[in-house]
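1. Dropping a prediction and its sequence here:
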Amino acid sequence: MTSYEYHRPKTLEEALKLKASIAGARWLAGGTDLLVQFNKRSKPLPPAVISLRNIDELCAIDARDGGLRIGSMVSLTDIAAHPAIRDGFSALTESIRLFASEQIRNVCTLGGNLCNASPAADCAPPLLVHDARIELQSQGGTRFVELPNFFRGPGQTAIEAGEVLAAVWLSHPRAGCRSAFMKKGRTQMDVAVASVAVRVEMDGDVCRSARVAAGAVAPLPLRLPEVEAILEGARISNDLVSRARQAASRAVSPITDIRSTETYRRHIVGVFVERALSSLTGGGRVSDAAEVQI
Amino acid sequence: MKTEVGFELNGIRVSAMVEPHDRLLDVVRDRLGNTGTKEGCSEGECGACTVIVDGRTVNSCLYPALEVEGKKVLTVEGLLSARNRLSPIQDAFVEMGGAQCGFCTPGMVMTTVALIERNAAPTDGEIRHALTGNLCRCTGYVQIVESIRRAAEKVREAEKEKGSP
């Protein structure tokens, strides 16, 4: 097969109906991953693609009482530029600043980044520490999945046949909440060697709650509950940060591959946890640590 | 099955019959003859195919042609003035030696157009960050960065002239 049918539905209802009626049809979001596969013919072409670009309800960010609803088809550029996200979700904004290139960020979508389910997906650790919930829609209705339960393995998610990722929900951050993201890659365009997001809710120098997540160091983007447990309820000190660093290095299960080694990945995850905590609770500058050389 | 797609290319309404798998790059180069836009890697890494769609840079090798319906596309050909003069940004690349073999240059120039549009005086760090998605195989990027810095100056000077009575 050299081509495929191309559908551009205007409503989600129409899209779900099409998906149900064409066996093997693929959803098409920004296309920055799928069209690479198509261009390279690295996988057989599907009989049809269903483009989600023209469905308004997937393309908007709404601030509601319950939090922010980010449509799955919103581009990363638009997410990073949104005032509520810029002000309340620094880890996410920073992960987007360091995400691939401007040309990619302008078209690639949050839904696409999550549905690819790459262990190295840059947006996953920030969304994990911000307790994101995934809204899935099907002809049967809507269901919500907590992000840690959404990832099932490399390239595998909780999305079932006939479902589409409609939106990502974030709760409005509580007072005293701050977050940071750091990653290391050969270049910014390259897949991350390791990435870390940290969110803390501080009350003076006591950490009320903590979330720590890492990418590219396990088959899934991971929360690190062992590290969170060390931080929660504790007074932040050099000793505590150092213990968090060691726990983070132990908690991950990286592999050695073409991009890096297990040893280096364990090390850098610990370093990032330490730097993120320092910058969020006092000294240090996030931007220095987060910079990826080009 | 071919479908007609209509859009604005460099200020002119155009249309083309496209296949579902055709990319914006194919339409711009092969159907409409605007070969300034180059095909490099075909996977969104090198930026040689960078064009501007509705004000934003995209890799035209990853942009389905059918999705350009009703949109405004700017390619390097669209930067020439009515009298066929180079734009200040292109002039800056000539002046500072920002091109060697020239293959990456149209993409570099389009990225520069978008950068200067949102940041009239970018620092070298901001220029290098903006160039993340544009590869040059010939140079060490130094003259490209200098060209972009000079381009921003030229655009600011041109704006000032426009503004003064």
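-> Good, I have the coordinates.
2. What residue spans form the domains of chain B?
-> B:3-79, B:88-163 (automatic domain parsing).
3. wait, chain A
-> Residue ranges of the domains in chain A are recorded as A:5-51, A:177-281, according to automatic domain parsing.
4. Serialize the domains of chain B to CSV and add fields for mean pLDDT and mean neighbour count.
-> Yep, even glycine has a C-beta here, placed from its N, CA and C like the rest. Written out in CSV, the entries for those read as follows (pLDDT from 0 to 100; neighbours: other C-beta atoms under 10 Å in any protein chain shown):
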stretch, mean pLDDT, mean neighbour count
domain B:3-79, 97, 20
domain B:88-163, 96, 18
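5. What are the phi and psi values at A:A175?
-> A:A175 adopts backbone torsions of phi -60, psi 140, taken as degrees, to the nearest 10.
6. What separation is there between the residue in chain B positioned nearest to chain A and A:K17?
-> Here chain B gets closest to chain A at one residue, B:G133, 2.4 Å apart by C-beta to the nearest C-beta. Relative to A:K17, B:G133 is positioned 37 Å away (criterion: C-beta to C-beta, to the nearest Å).
7. where do the strands sit along the chain?
-> Going with chain A. With DSSP state E as the criterion, chain A has strands at A:5-7, A:26-28, A:48-51, A:61-64, A:67-71, A:133-138, A:141-146, A:151-153, A:156-157, A:163-170, A:177-184, A:194-203, A:206-215, A:222-223.
8. let's do chain B instead
-> So, for chain B - with DSSP E - the strands run B:3-9, B:12-18, B:50-53, B:56-59, B:72-74.
9. Once you drop chain neighbours, what's closest to B:S147?
-> B:G98 (3.1 Å; C-beta to C-beta, 6 or more residues apart in numbering or on different chains).
10. mind listing what that neighbour touches?
-> B:A92, B:T105, B:M108, B:Q143, B:I144, B:E146, B:S147, B:I148 (C-beta atoms under 8 Å, 6 or more residues apart in numbering or on different chains).
11. Output the strands of chain B as JSON lines; include the columns distance to chain A.
-> Conversion of those to JSON lines gives the following (distance: least, C-beta to the nearest C-beta, whole Å):
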{"stretch": "strand B:3-9", "distance to chain A": "8"}
{"stretch": "strand B:12-18", "distance to chain A": "9"}
{"stretch": "strand B:50-53", "distance to chain A": "6"}
{"stretch": "strand B:56-59", "distance to chain A": "4"}
{"stretch": "strand B:72-74", "distance to chain A": "13"}
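12. Same list (the ones you listed) but as CSV, adding distance to B:K154.
-> As requested, those are exported to CSV (distance: least, C-beta to C-beta, whole Å):
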stretch, distance to B:K154
strand B:3-9, 25
strand B:12-18, 26
strand B:50-53, 19
strand B:56-59, 20
strand B:72-74, 18
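13. what's the closest of the ones you listed to A:S179?
-> When the strands of chain B are ranked by distance to A:S179, counting by C-beta to C-beta, first place goes to strand B:56-59 at 26.8 Å.
14. which other helices and strands contact the closest one?
-> Applying 3 or more C-beta pairs under 8 Å, 6 or more residues apart in numbering or on different chains; DSSP states H and E, we find strand B:56-59 packed against helix A:102-105, strand B:50-53, helix B:105-118.
15. from the middle of its chain, how far away would it be?
-> 8 Å (C-alpha atoms, centre = their mean, to the nearest Å).
16. Name the residues that touch it?
-> Counting contacts by C-beta under 8 Å, 6+ apart, the residues outside strand B:56-59 that touch it are A:32, A:77, A:102-104, A:106-107, B:24, B:44, B:47, B:49-52, B:110-111, B:114, B:133.
17. quick one on the thing from earlier: the residue of chain B closest to chain A contacts A:E102, correct?
-> Yes - the pair B:G133 and A:E102 qualifies as a contact (C-beta atoms under 8 Å) at a distance of 5.9 Å.
18. Spell out which residues are contacts of both of those two.
-> Here B:G133 and A:E102 share the contacting residues B:T57, B:T111, scored by C-beta under 8 Å, 6+ apart.
19. Phi first, then psi, for the closest residue to the residue of chain B closest to chain A other than its chain neighbours.
-> Residue nearest to B:G133 in three dimensions, not counting chain neighbours: A:S101, with 2.4 Å by C-beta to C-beta, 6+ apart. The main-chain torsion angles of A:S101 are listed as degrees, to the nearest 10 and equal phi -120, psi 170.
20. which residues does A:S101 contact?
-> Neighbouring residues of A:S101 by C-beta under 8 Å, 6+ apart: A:Q188, A:M189, B:G44, B:G47, B:T132, B:G133, B:N134.
21. Looking at it now. What's its pLDDT?
-> As predicted, A:S101 sits at a pLDDT of 97.
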